[in-house]
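Trainee: Below are the sequence and a predicted model for it; my questions follow.
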Amino acid sequence: MSFIASILSSFWKKRVALLTLDISVILLAFFISFFAVNSFVPLMPQLSQHAVSALVLMVFLIISLYINGGYKKGEDRRSETEVAIVVKSVCFSFLLMLFINFVVFKAVVYSRYVVLTWWVLLLPLLLFSRLLFREVIKRCWSKGYLRQRVLLVGFNPHARSIVDRFRIQRHRRFDFIGVLVERDDENLGEFKDLKILGKLDDFSTVIDSSAIDRVFIGLQDFSRGTHEKIGEIITLCKAREIPVNIVSETFHIQAMQMSVDEFSGLITLESRVHPFSRLPSRLLKRSADIAVSILLLPLLGLMVLIVGFVYLFINKGPIFYRRRVMRKGGGEFDAYKFRTMRIDADKIIAENKWLQDEFNEGFKLKNDPRVTPFGRFLRRSSLNEFPQIVNVLKGEMSLVGPRMIIKDELSRFGEYGEKLLFVRPGMTGFWQTQGRSNTSYDERVKMEMFYIDHWTVWLDIALCLKTVLKVLTAEGAY
């Protein structure tokens, strides 16, 4: 991991590594598509005759990725933004290449079968490679590499929540080295491990002596003097090329969308329409659910045969388990799963109070004695939830959405319970891919609300791709 971290130790090294990865994936998809089509289509143009198309597409795609921000700092953008950049760049580049071939290079001989197969392969491969690249960086963070040293200037209540949020993340990007306080009697509360490095007037000395990579400003006072002090800090950071984040409760408003007027510099807050309140958005999501579920039905049928065969000789009893969970708008329905527990599972938990207490805490057991060996395999691979495709087709669930809950869990969501029931539960979702079983229940609630407030089709695609990565690594599953 230290070797990888050394390769990615600077922004320019990361950019070169990402560019190399993109070119490699483009060429890999091209060669696979060519030889795959060549195996089935006779009298196809030779490999050398596709060289012009390959070169043109590579140039177009790299330029398109650059224009769309694909080579900016990836740590500052979310996964769904990465997905949107890749999809738009790949589709635009292929369309432009086809136009150029038809209009400019009319004499160039190439196979449309290769181009179509190339597009079909390149899109998922480039998405996976870029998301994997992000996961490698996160893994470096978790091992203590590539982290940014952050100085806190002031410590208002919202800054406290920001620090707490970063600390509970499994892949920490920031190391908070200390804080500059506004008053001598500043109370850091539960964050006692944060070292007080001085007062605001010590800012210049501290950033020159402590190798600061980033500054978070979270002052509580809103006086004119404070604004002048913030201006001085920003000026000093600009001279040293240190990024600055302003942490403010004023602009932390979930229901509003913030933008900056490029002419006047004024900050504008506008009402944000809830993504699930738009009919086109709901139709798009439901159409995707139906289409993907129909495509996966043959695979579900094969899995039923395999699991049924195993259960016939090993785990006596029914193949499926029905879990009574909450539906969109209230009410309940049966969510289908492959059975993973012993037939006497209810008796085991009824006879063990410590199991009941752990289950009531997070509605899940980490070392569940009720789970069979084969059932544990199904859980770790998340294959036990595959029958929920039927629930998706019936309109009871979505492929991506908040995690399903039983009726007793609804009270844990408090004021957010109504919002949770505003959408269909999902087979996978934000919590499953970001934290799965490694997060607290309160953090799970925040993740579910974040998904509902920030839903886009790109977010669903990103979560589906991340789900595949999580299933392959069995991370956080039990």
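Mentor: Received the coordinates, thanks. Numbers count the residues shown, from 1 in each chain.

Trainee: quick one, strands of the stretch 101-250 of the chain?
Mentor: 148-153, 174-181, 196-199, 214-217, 244-246 (DSSP state E, counting those that start in this stretch).

Trainee: what about Val114, distance to Arg278?
Mentor: Distance, Val114 to Arg278, by Cβ to Cβ, to the nearest Å: 39 Å. C-beta coordinates here come from the backbone N, C-alpha and C atoms, glycine included.

Trainee: again, but for Gly401
Mentor: Distance from Gly401 to Arg278, by Cβ to Cβ: 16 Å.

Trainee: When those two are compared, which one has more neighbours?
Mentor: Between Gly401 and Arg278, counted using other Cβ atoms under 10 Å, Gly401 has the larger neighbour count: 27 against 11.

Trainee: what are the phi and psi angles of the more buried one?
Mentor: Dihedral pair for Gly401: phi 180, psi -170, per degrees, to the nearest 10.

Trainee: Make 33 the starting number, not 1.
Mentor: All right, first residue 33 from here; so that's Gly433.

Trainee: Strands of the stretch 283-432 of the chain, residue ranges please.
Mentor: Under DSSP E, counting those that start in this stretch, the stretch 283-432 of the chain gives strands at 288-292, 299-303, 352-358, 364-370, 430-432.

Trainee: For the last one, enumerate the helices and strands it packs against.
Mentor: With contacts taken as 3 or more Cβ pairs under 8 Å, 6 or more residues apart in numbering; DSSP states H and E, strand 430-432 sits against helix 311-345, strand 458-460, helix 489-505.

Trainee: Reformat these into JSON lines and put mean neighbour count next to each item.
Mentor: Shown next, in JSON lines, are the helices and strands packed on strand 430-432 (neighbours: other Cβ atoms under 10 Å):
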{"stretch": "helix 311-345", "mean neighbour count": "13"}
{"stretch": "strand 458-460", "mean neighbour count": "25"}
{"stretch": "helix 489-505", "mean neighbour count": "18"}
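
Trainee: Please pull out the lowest mean pLDDT helix or strand from the protein.
Mentor: helix 385-394 (a mean of 62; mean pLDDT, DSSP states H and E).

Trainee: now the angle from the helix or strand hosting Asp485 to helix 489-505?
Mentor: Taking DSSP states H and E as the criterion, Asp485 maps to helix 473-486. With axes from the mean of the first three to the mean of the last three Cα atoms, to 10 degrees defining the directions, helix 473-486 sits at 140 degrees from helix 489-505.

Trainee: and helix 473-486, which residues are buried?
Mentor: 475-481, 483-484 (16 or more other Cβ atoms under 10 Å).

Trainee: cool, and stretch 108-115?
Mentor: Buried, per 16+ other Cβ under 10 Å, within stretch 108-115: 111-115.

Trainee: Kindly check the end-to-end length of stretch 412-419 for me.
Mentor: Stretch 412-419 has its terminal residues 16 Å apart, counting by Cα to Cα, to the nearest Å.

Trainee: Could you list the residues in contact with that stretch?
Mentor: With contacts defined as Cβ atoms under 8 Å, 6 or more residues apart in numbering, stretch 412-419 is touched by 331-332, 335-336, 352, 368-370, 372, 407, 409-410, 459, 499, 502-503, 506, 509-510.

Trainee: If you average the pLDDT over that stretch, what comes out?
Mentor: Averaging pLDDT along stretch 412-419 gives 85.

Trainee: Roughly how far does Asp240 sit from Val324?
Mentor: 55 Å.

Trainee: Then Lys498?
Mentor: Distance from Lys498 to Val324, by Cβ to Cβ: 16 Å.

Trainee: cool, and Ala86?
Mentor: 31 Å.

Trainee: now swap in Leu87 and tell me
Mentor: 35 Å.

Trainee: same deal with Thr300?
Mentor: 38 Å.

Trainee: Could you do Gly263 as well?
Mentor: 52 Å.

Trainee: Next: Tyr473.
Mentor: From Tyr473 to Val324 the distance is 29 Å (Cβ to Cβ).

Trainee: same deal with Ile194?
Mentor: Taken as Cβ to Cβ, the span from Ile194 to Val324 is 36 Å.

Trainee: Kindly report the same for Tyr353.
Mentor: 23 Å.

Trainee: and what of Glu167?
Mentor: 23 Å.

Trainee: tally of neighbours for the closest residue to Ile278 other than its chain neighbours?
Mentor: The shortest distance from Ile278 to any non-neighbouring residue, by Cβ to Cβ, 6 or more residues apart in numbering, is to Ile249 (5.2 Å). Residues near Ile249, counting by other Cβ under 10 Å, number 24.

Trainee: In contact with the one residue sitting closest to the centre of the chain: list those residues for me.
Mentor: Nearest to the geometric centre of the chain sits Ser111, at 5.0 Å (Cα atoms, centre = their mean). Shown in contact with Ser111 (Cβ under 8 Å, 6+ apart): 163, 166, 491, 494-495, 498.

Trainee: Need the max-distance pair from those residues.
Mentor: Arg166 and Leu491 (14.7 Å; Cβ to Cβ).

Trainee: Average pLDDT for stretch 108-128, rounded please.
Mentor: Rounded mean pLDDT across stretch 108-128 is 87.

Trainee: Only the C-alpha atoms, please, for it, written as PDB.
Mentor: Provided in PDB are the C-alpha atoms of stretch 108-128 (Å, rounded to 0.1, in the frame of the first residue of the first chain):
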ATOM      1  CA  ASP A 108     -13.900  16.700  -4.100                       C
ATOM      2  CA  ARG A 109     -16.700  15.100  -6.200                       C
ATOM      3  CA  ARG A 110     -19.200  12.300  -5.300                       C
ATOM      4  CA  SER A 111     -19.400   8.900  -7.000                       C
ATOM      5  CA  GLU A 112     -22.600   9.800  -9.000                       C
ATOM      6  CA  THR A 113     -20.800  12.800 -10.400                       C
ATOM      7  CA  GLU A 114     -18.000  10.500 -11.600                       C
ATOM      8  CA  VAL A 115     -20.600   8.200 -13.200                       C
ATOM      9  CA  ALA A 116     -22.300  11.200 -15.000                       C
ATOM     10  CA  ILE A 117     -18.900  12.400 -16.300                       C
ATOM     11  CA  VAL A 118     -18.000   8.900 -17.700                       C
ATOM     12  CA  VAL A 119     -21.300   8.200 -19.300                       C
ATOM     13  CA  LYS A 120     -21.600  11.600 -21.000                       C
ATOM     14  CA  SER A 121     -18.000  11.500 -22.200                       C
ATOM     15  CA  VAL A 122     -18.100   8.000 -23.600                       C
ATOM     16  CA  CYS A 123     -21.500   8.500 -25.400                       C
ATOM     17  CA  PHE A 124     -20.500  11.900 -26.800                       C
ATOM     18  CA  SER A 125     -17.100  10.600 -28.000                       C
ATOM     19  CA  PHE A 126     -18.600   7.600 -29.800                       C
ATOM     20  CA  LEU A 127     -21.200   9.700 -31.500                       C
ATOM     21  CA  LEU A 128     -18.500  12.200 -32.600                       C
END
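
Trainee: All set, thanks.
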